[in-house]
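Novice: what follows is a protein structure lacking sequence information:
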């Protein structure tokens, strides 16, 4: 039934833009430059999911802004790099527990009677990849030997520099594992970024995001990263007018065999507050 599908906006021809049911929903990647409506599109998806009693929403928002209105409905919200690492590890542990449960029940895919669907929302994937590096390097700059003349650090602390790289590698490895294994266990990832570049989203991880949305971007390379190289020469980075906030191209939606244009619903803050006001008692 269409009521089980996720309604996020309108197609360019005016028809409802419906995603799959939660059972069939792919991991979602949303990419577009600042001011194009990424947060609006993410909120349109979240506003539908928030109404469902069988969905546990968890979020990572290191900017402390984009998921603020979601907080009452979230089972967990990470707002620092350390919290993000812990939450990702918790999600991985839950996927492993679910895999063991499905094996005992001889199941290949998660069934909602066993527990809620889990939707992990990462507001800025690129920032998550680099925030701990920035923080630890700042620590390194202030904790190394100082030049007695200038008072400036002589060199970076090698241990802190290594910790920064290790923290980045661990978080990205956890995300890779979640997108590779989580879907069958009823765990879906929605990741948004204003930096849809190959160094943030390599081909291996991109292939795990079966549903991808591109808003306005700045280069052909970013078109290829989000929509695939086959669409790089057919869709321009600025093909969506600047006035069409929340307008997008989508690939991977069931029944659509080529990129489809649509526009997400826009909700003002009071409406979003109402949509996310129910406190979640779901646990993961």
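Specialist: Received it, and whenever you're ready, just let me know what you need. On a predicted model such as this, the values are computed, not experimentally measured, just so you know. Numbers count the residues shown, from 1 in each chain.

Novice: how about the strands in the stretch 1-150 of the chain?
Specialist: Taking DSSP state E, counting those that start in this stretch, the strands of the stretch 1-150 of the chain run over residues 7-11, 16-18, 28-31, 55-60, 74-78, 117-122.

Novice: so for the third one, mean pLDDT?
Specialist: What that stands for is strand 28-31. The average pLDDT for strand 28-31 rounds to 97.

Novice: show the model's pLDDT score for residue 197.
Specialist: 85.

Novice: who touches it in this structure?
Specialist: 126, 221-222, 225 (Cβ atoms under 8 Å, 6 or more residues apart in numbering). (C-beta placed from N, C-alpha, C; glycine too.)

Novice: and it, which of the three is it?
Specialist: Of the three states, residue 197 takes coil according to DSSP: H, G, I helix; E, B strand; the rest coil.

Novice: follow-up on the earlier one: okay if I get the contacts of residue 197 as TSV plus neighbour count?
Specialist: Listed next are these as TSV, based on neighbours: other Cβ atoms under 10 Å:
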residue	neighbour count
126	19
221	14
222	23
225	27
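
Novice: closest one of those to residue 211?
Specialist: residue 225 (14.8 Å; Cβ to Cβ).

Novice: what about the closest one, which helix or strand?
Specialist: Taking DSSP states H and E as the criterion, residue 225 maps to helix 220-227.

Novice: gap between that helix and the chain center?
Specialist: 17 Å (Cα atoms, centre = their mean, to the nearest Å).

Novice: ok, the next helix or strand after it: who's next to it in the sheet?
Specialist: Scanning forward in sequence from helix 220-227 by DSSP H and E, the next helix or strand is strand 247-251. The pairing partners recorded for strand 247-251 under DSSP bridges are strand 211-214 (antiparallel), strand 260-264 (antiparallel).

Novice: contacts for strand 247-251, please.
Specialist: Taking Cβ under 8 Å, 6+ apart as the rule, strand 247-251 contacts 17, 30, 32, 36-37, 41, 211-216, 227-228, 231, 235, 239-241, 256, 258-264.

Novice: I am finished for the moment; much appreciated.
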